[in-house]
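[1] Build me a model:
(one chain, ligands or ions: 2)
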Amino acid sequence: MGDFIVLLGPPGAGKGTQAQRLAQSLGMAHISSGDLFREHLKAQTELGKLAQSYMNRGELVPDDVTIAMVRERVGRPDCARGAILDGFPRTPAQAAALDEMLAELSGRVVSVPLIQVPAEVLIERLGGRWTCRAQGHVYHAKYNPPRVPGVCDIDGSELYQREDDLPATVARRIQVYLEQTAPLVDYYRQKGLLVEIDGTQPIEEVSARLLEAVEKARKAQS
Ligand code: ADP
Ligand code: AMP
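    Ligands and ions are numbered 1, 2, ... in the order given. Next up is the predicted model:
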(Lines give C-alpha, C1' and ligand atoms only; values in the text may rest on other atoms or scores of the structure.)
(Ligands and ions follow the chains in the order given, each with its own letter.)
Protein backbone atom coordinates (compact mmCIF):
# COMPACT_ATOMS: atom_id res chain seq x y z
CA MET A 1 0.00 0.00 0.00
CA GLY A 2 1.39 3.37 -1.01
CA ASP A 3 1.80 6.10 1.60
CA PHE A 4 1.10 9.56 0.21
CA ILE A 5 2.22 12.79 1.87
CA VAL A 6 0.42 16.02 0.96
CA LEU A 7 2.47 19.20 1.44
CA LEU A 8 0.19 22.17 2.12
CA GLY A 9 1.21 25.81 2.31
CA PRO A 10 1.03 29.10 0.43
CA PRO A 11 3.10 29.77 -2.71
CA GLY A 12 6.73 30.30 -1.66
CA ALA A 13 6.39 28.38 1.64
CA GLY A 14 9.04 25.90 0.49
CA LYS A 15 6.89 22.98 -0.68
CA GLY A 16 8.98 22.26 -3.79
CA THR A 17 12.28 22.59 -1.92
CA GLN A 18 11.11 20.29 0.89
CA ALA A 19 9.27 17.81 -1.35
CA GLN A 20 12.46 17.15 -3.26
CA ARG A 21 14.51 16.61 -0.09
CA LEU A 22 11.83 14.47 1.55
CA ALA A 23 11.42 12.35 -1.60
CA GLN A 24 15.15 11.69 -1.53
CA SER A 25 15.22 10.85 2.19
CA LEU A 26 12.25 8.48 1.93
CA GLY A 27 13.00 7.05 -1.53
CA MET A 28 9.60 8.15 -2.81
CA ALA A 29 8.40 9.85 -5.98
CA HIS A 30 7.85 13.64 -5.96
CA ILE A 31 4.78 14.89 -7.81
CA SER A 32 4.47 18.64 -8.39
CA SER A 33 1.34 19.64 -10.30
CA GLY A 34 2.99 22.99 -11.15
CA ASP A 35 6.00 21.15 -12.66
CA LEU A 36 3.65 18.88 -14.64
CA PHE A 37 1.89 21.94 -16.09
CA ARG A 38 5.23 23.60 -16.89
CA GLU A 39 6.35 20.42 -18.72
CA HIS A 40 3.17 20.55 -20.81
CA LEU A 41 3.83 24.21 -21.49
CA LYS A 42 7.38 23.50 -22.67
CA ALA A 43 6.07 20.76 -24.96
CA GLN A 44 3.28 23.12 -26.16
CA THR A 45 0.57 20.48 -25.66
CA GLU A 46 -3.10 21.51 -25.67
CA LEU A 47 -3.15 21.11 -21.88
CA GLY A 48 -0.02 23.27 -21.61
CA LYS A 49 -1.58 26.06 -23.65
CA LEU A 50 -4.78 25.93 -21.61
CA ALA A 51 -2.87 25.90 -18.30
CA GLN A 52 -0.68 28.84 -19.32
CA SER A 53 -3.64 31.20 -19.57
CA TYR A 54 -4.49 30.52 -15.91
CA MET A 55 -0.92 30.29 -14.56
CA ASN A 56 0.11 33.68 -15.97
CA ARG A 57 -2.76 35.31 -14.10
CA GLY A 58 -2.06 33.46 -10.86
CA GLU A 59 -5.39 31.62 -11.09
CA LEU A 60 -5.92 27.90 -10.59
CA VAL A 61 -6.22 25.65 -13.63
CA PRO A 62 -9.75 24.10 -13.67
CA ASP A 63 -10.27 21.06 -11.45
CA ASP A 64 -11.29 18.60 -14.19
CA VAL A 65 -8.08 18.85 -16.22
CA THR A 66 -5.86 19.11 -13.12
CA ILE A 67 -7.42 16.01 -11.56
CA ALA A 68 -7.12 14.01 -14.81
CA MET A 69 -3.44 14.95 -15.12
CA VAL A 70 -2.60 13.95 -11.53
CA ARG A 71 -4.69 10.76 -11.74
CA GLU A 72 -2.57 9.60 -14.67
CA ARG A 73 0.65 10.46 -12.79
CA VAL A 74 -0.17 8.69 -9.50
CA GLY A 75 -1.08 5.56 -11.45
CA ARG A 76 2.49 5.17 -12.74
CA PRO A 77 4.70 2.41 -11.28
CA ASP A 78 7.08 4.76 -9.45
CA CYS A 79 4.17 5.74 -7.14
CA ALA A 80 3.37 2.18 -6.08
CA ARG A 81 5.16 2.82 -2.75
CA GLY A 82 3.62 6.27 -2.43
CA ALA A 83 4.69 9.82 -3.27
CA ILE A 84 5.13 13.34 -1.97
CA LEU A 85 2.39 15.56 -3.43
CA ASP A 86 3.44 19.19 -3.85
CA GLY A 87 0.81 21.67 -5.04
CA PHE A 88 -2.02 19.13 -5.26
CA PRO A 89 -4.73 19.09 -3.97
CA ARG A 90 -5.47 22.83 -4.03
CA THR A 91 -9.30 22.81 -3.80
CA PRO A 92 -11.85 20.75 -1.85
CA ALA A 93 -12.91 19.02 -5.12
CA GLN A 94 -9.29 18.01 -5.77
CA ALA A 95 -8.97 16.66 -2.20
CA ALA A 96 -12.10 14.52 -2.69
CA ALA A 97 -10.75 13.29 -6.06
CA LEU A 98 -7.43 12.38 -4.41
CA ASP A 99 -9.21 10.26 -1.80
CA GLU A 100 -11.06 8.46 -4.61
CA MET A 101 -7.99 7.82 -6.74
CA LEU A 102 -5.97 6.54 -3.79
CA ALA A 103 -8.80 4.22 -2.76
CA GLU A 104 -8.65 2.70 -6.27
CA LEU A 105 -4.87 2.23 -5.94
CA SER A 106 -5.03 0.91 -2.34
CA GLY A 107 -3.04 3.95 -1.28
CA ARG A 108 -3.64 6.41 1.56
CA VAL A 109 -2.71 9.87 2.73
CA VAL A 110 -0.60 9.35 5.88
CA SER A 111 0.41 12.89 6.76
CA VAL A 112 -0.35 16.47 5.70
CA PRO A 113 2.36 18.87 6.80
CA LEU A 114 1.26 22.53 6.59
CA ILE A 115 4.33 24.71 6.00
CA GLN A 116 3.56 28.07 7.60
CA VAL A 117 5.25 31.29 6.47
CA PRO A 118 3.92 34.87 6.79
CA ALA A 119 2.94 36.77 3.61
CA GLU A 120 5.79 39.30 3.68
CA VAL A 121 8.35 36.47 3.72
CA LEU A 122 6.58 34.74 0.80
CA ILE A 123 6.92 37.85 -1.34
CA GLU A 124 10.64 38.10 -0.65
CA ARG A 125 11.16 34.39 -1.31
CA LEU A 126 9.33 34.36 -4.63
CA GLY A 127 11.01 37.61 -5.74
CA GLY A 128 14.42 35.92 -5.32
CA ARG A 129 13.48 32.47 -6.65
CA TRP A 130 15.43 31.02 -9.56
CA THR A 131 14.11 27.83 -11.17
CA CYS A 132 15.95 25.28 -13.32
CA ARG A 133 14.69 24.88 -16.89
CA ALA A 134 15.35 21.15 -17.13
CA GLN A 135 13.78 19.75 -13.95
CA GLY A 136 12.41 22.59 -11.84
CA HIS A 137 15.07 22.54 -9.11
CA VAL A 138 14.70 25.73 -7.07
CA TYR A 139 17.22 28.21 -5.69
CA HIS A 140 17.09 31.57 -3.98
CA ALA A 141 19.45 34.43 -4.77
CA LYS A 142 20.07 35.02 -1.04
CA TYR A 143 18.87 31.98 0.94
CA ASN A 144 19.91 29.11 -1.31
CA PRO A 145 22.18 30.40 -4.07
CA PRO A 146 23.51 28.07 -6.78
CA ARG A 147 27.29 27.47 -6.80
CA VAL A 148 27.56 29.23 -10.18
CA PRO A 149 25.07 32.09 -10.74
CA GLY A 150 22.43 31.20 -13.34
CA VAL A 151 23.35 27.49 -13.49
CA CYS A 152 21.63 24.54 -11.75
CA ASP A 153 23.99 22.68 -9.35
CA ILE A 154 22.24 19.40 -10.03
CA ASP A 155 21.83 19.19 -13.81
CA GLY A 156 23.80 22.19 -15.16
CA SER A 157 20.76 23.67 -16.92
CA GLU A 158 19.92 27.37 -17.11
CA LEU A 159 18.11 29.04 -14.19
CA TYR A 160 15.24 31.44 -14.95
CA GLN A 161 12.76 33.61 -13.02
CA ARG A 162 9.17 32.40 -13.37
CA GLU A 163 6.78 34.88 -14.95
CA ASP A 164 4.25 34.22 -12.20
CA ASP A 165 6.82 35.25 -9.57
CA LEU A 166 6.34 38.93 -10.54
CA PRO A 167 4.96 40.88 -7.55
CA ALA A 168 1.44 41.51 -8.97
CA THR A 169 0.92 37.82 -9.79
CA VAL A 170 2.36 36.72 -6.44
CA ALA A 171 -0.22 38.87 -4.65
CA ARG A 172 -3.03 37.18 -6.62
CA ARG A 173 -1.59 33.70 -5.98
CA ILE A 174 -1.54 34.34 -2.22
CA GLN A 175 -5.16 35.55 -2.38
CA VAL A 176 -6.17 32.45 -4.39
CA TYR A 177 -4.45 30.27 -1.79
CA LEU A 178 -6.42 31.91 1.04
CA GLU A 179 -9.74 31.63 -0.81
CA GLN A 180 -9.51 28.20 -2.44
CA THR A 181 -6.77 26.14 -0.77
CA ALA A 182 -6.85 27.23 2.89
CA PRO A 183 -10.16 25.31 3.48
CA LEU A 184 -8.14 22.10 3.05
CA VAL A 185 -6.38 22.83 6.34
CA ASP A 186 -9.61 22.05 8.23
CA TYR A 187 -10.43 19.11 5.95
CA TYR A 188 -7.15 17.37 6.85
CA ARG A 189 -7.20 18.54 10.49
CA GLN A 190 -10.55 16.82 10.93
CA LYS A 191 -9.05 13.63 9.56
CA GLY A 192 -6.25 13.92 12.15
CA LEU A 193 -3.58 14.18 9.44
CA LEU A 194 -2.51 17.82 9.71
CA VAL A 195 0.89 18.72 11.20
CA GLU A 196 1.91 22.37 11.44
CA ILE A 197 5.53 23.10 10.54
CA ASP A 198 7.32 26.44 11.04
CA GLY A 199 8.52 27.26 7.51
CA THR A 200 10.49 30.36 8.51
CA GLN A 201 13.44 28.28 9.77
CA PRO A 202 16.44 27.51 7.52
CA ILE A 203 15.87 24.83 4.85
CA GLU A 204 17.75 22.06 6.76
CA GLU A 205 15.78 22.74 9.97
CA VAL A 206 12.45 22.56 8.15
CA SER A 207 13.54 19.29 6.51
CA ALA A 208 14.44 17.78 9.87
CA ARG A 209 11.06 18.71 11.43
CA LEU A 210 9.19 17.41 8.38
CA LEU A 211 10.98 14.09 8.33
CA GLU A 212 10.31 13.61 12.06
CA ALA A 213 6.62 14.41 11.59
CA VAL A 214 6.18 12.09 8.62
CA GLU A 215 8.04 9.19 10.24
CA LYS A 216 5.97 9.56 13.41
CA ALA A 217 2.74 9.52 11.40
CA ARG A 218 3.77 6.47 9.37
CA LYS A 219 4.77 4.56 12.53
CA ALA A 220 1.49 5.41 14.22
CA GLN A 221 -0.48 4.08 11.25
CA SER A 222 1.59 0.97 10.43
P1 ADP B 1 6.79 26.55 -3.06
O2 ADP B 1 7.05 25.26 -3.82
O3 ADP B 1 6.02 26.34 -1.79
O4 ADP B 1 6.19 27.62 -3.93
P5 ADP B 1 9.72 26.83 -3.09
O6 ADP B 1 10.21 25.53 -2.54
O7 ADP B 1 9.86 27.02 -4.56
O8 ADP B 1 8.20 27.12 -2.60
O9 ADP B 1 10.49 28.00 -2.31
C10 ADP B 1 10.28 29.38 -2.65
C11 ADP B 1 11.62 30.14 -2.57
O12 ADP B 1 12.04 30.22 -1.22
C13 ADP B 1 12.77 29.47 -3.34
O14 ADP B 1 13.57 30.48 -3.90
C15 ADP B 1 13.52 28.68 -2.24
O16 ADP B 1 14.90 28.56 -2.54
C17 ADP B 1 13.31 29.58 -1.02
N18 ADP B 1 13.19 28.82 0.24
C19 ADP B 1 12.55 27.63 0.44
N20 ADP B 1 12.60 27.27 1.73
C21 ADP B 1 13.28 28.27 2.38
C22 ADP B 1 13.67 28.48 3.75
N23 ADP B 1 13.34 27.60 4.71
N24 ADP B 1 14.34 29.61 4.04
C25 ADP B 1 14.66 30.52 3.07
N26 ADP B 1 14.33 30.37 1.78
C27 ADP B 1 13.65 29.26 1.43
P1 AMP C 1 3.20 26.03 -8.39
O2 AMP C 1 4.32 25.53 -9.23
O3 AMP C 1 2.71 25.02 -7.40
O4 AMP C 1 3.49 27.37 -7.78
O5 AMP C 1 1.96 26.25 -9.40
C6 AMP C 1 2.05 27.19 -10.45
C7 AMP C 1 0.68 27.41 -11.06
O8 AMP C 1 0.20 26.19 -11.68
C9 AMP C 1 -0.45 27.80 -10.10
O10 AMP C 1 -0.46 29.19 -9.83
C11 AMP C 1 -1.68 27.33 -10.88
O12 AMP C 1 -2.00 28.23 -11.94
C13 AMP C 1 -1.19 26.03 -11.52
N14 AMP C 1 -1.43 24.87 -10.63
C15 AMP C 1 -0.51 24.09 -10.03
N16 AMP C 1 -1.10 23.13 -9.29
C17 AMP C 1 -2.44 23.31 -9.42
C18 AMP C 1 -3.59 22.65 -8.88
N19 AMP C 1 -3.47 21.61 -8.04
N20 AMP C 1 -4.81 23.12 -9.24
C21 AMP C 1 -4.95 24.16 -10.07
N22 AMP C 1 -3.91 24.83 -10.59
C23 AMP C 1 -2.66 24.42 -10.28
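[2] So for stretch 209-222, what gets flagged as buried?
    In terms of neighbour count (16 or more other CB atoms under 10 Å), stretch 209-222 has its buried residues at 209-211, 213-214, 217. Backbone N, C-alpha and C define where each C-beta goes, glycine included.
[3] Identify the residues contacting the longest strand seen in the chain?
    In the chain, taking DSSP state E as the definition, the longest strand is strand 108-116. By CB atoms under 8 Å, 6 or more residues apart in numbering, the list of residues contacting strand 108-116 from outside reads 1-9, 13-15, 18, 82, 98-99, 102, 185, 188, 191, 193-200, 206, 210, 213-214, 217-218, 221.
[4] switch to 6 Å and redo it
    The set of residues external to strand 108-116 that reach it, using CB atoms under 6 Å, 6 or more residues apart in numbering, is 3-9, 13-14, 102, 185, 188, 193-197, 199, 210, 213-214, 217-218, 221.
[5] what's across from the residue nearest in space to the middle of the chain in the sheet?
    Among the residues of the chain, the one closest to the centroid is residue 86, at 2.2 Å (CA atoms, centre = their mean). Counting by DSSP bridges, residue 86 is bridged to residue 7, residue 32.
[6] rewinding a little: what distance separates the longest strand of the chain from the middle of the whole chain?
    Relative to its parent chain, strand 108-116 has a centroid offset of 11 Å by CA atoms, centre = their mean, to the nearest Å.
[7] Please tell me how far residue 15 sits from residue 146.
    20 Å (CB to CB, to the nearest Å).
[8] now swap in residue 65 and tell me
    With distances taken as CB to CB, residue 65 is found 33 Å from residue 146.
[9] interface residues of this protein facing ligand 2?
    11, 33-34, 37, 54-55, 58-61, 66, 87-88, 90, 94, 164, 173 (CB under 6 Å from any ligand atom).
[10] Generate a PyMOL selection restricted to the buried subset of those.
    Of these, the buried ones go into a single PyMOL selection, burial set by 16+ other CB under 10 Å:
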select buried, resi 11+33+34+37+54+55+58+60+61+66+87+88+90+94+164+173
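[11] From the residues of the chain next to ligand 2, which land in helices?
    33-34, 37, 54-55, 66, 94, 173 (DSSP state H).
[12] pLDDT at the closest residue to residue 51 other than its chain neighbours, what is it?
    Closest residue to residue 51 apart from its sequence neighbours, by CB to CB, 6 or more residues apart in numbering: residue 37 at 4.3 Å. Residue 37 carries a pLDDT value of 97.
[13] didn't residue 37 look like it was pressed against residue 50?
    No - using CB atoms under 6 Å, residue 37 is not in contact with residue 50, being 9.3 Å away.
[14] any chance you could map the helices in this protein?
    Applying DSSP H to the chain gives helices spanning 15-26, 33-42, 46-55, 63-74, 92-104, 119-127, 167-176, 183-190, 203-220.
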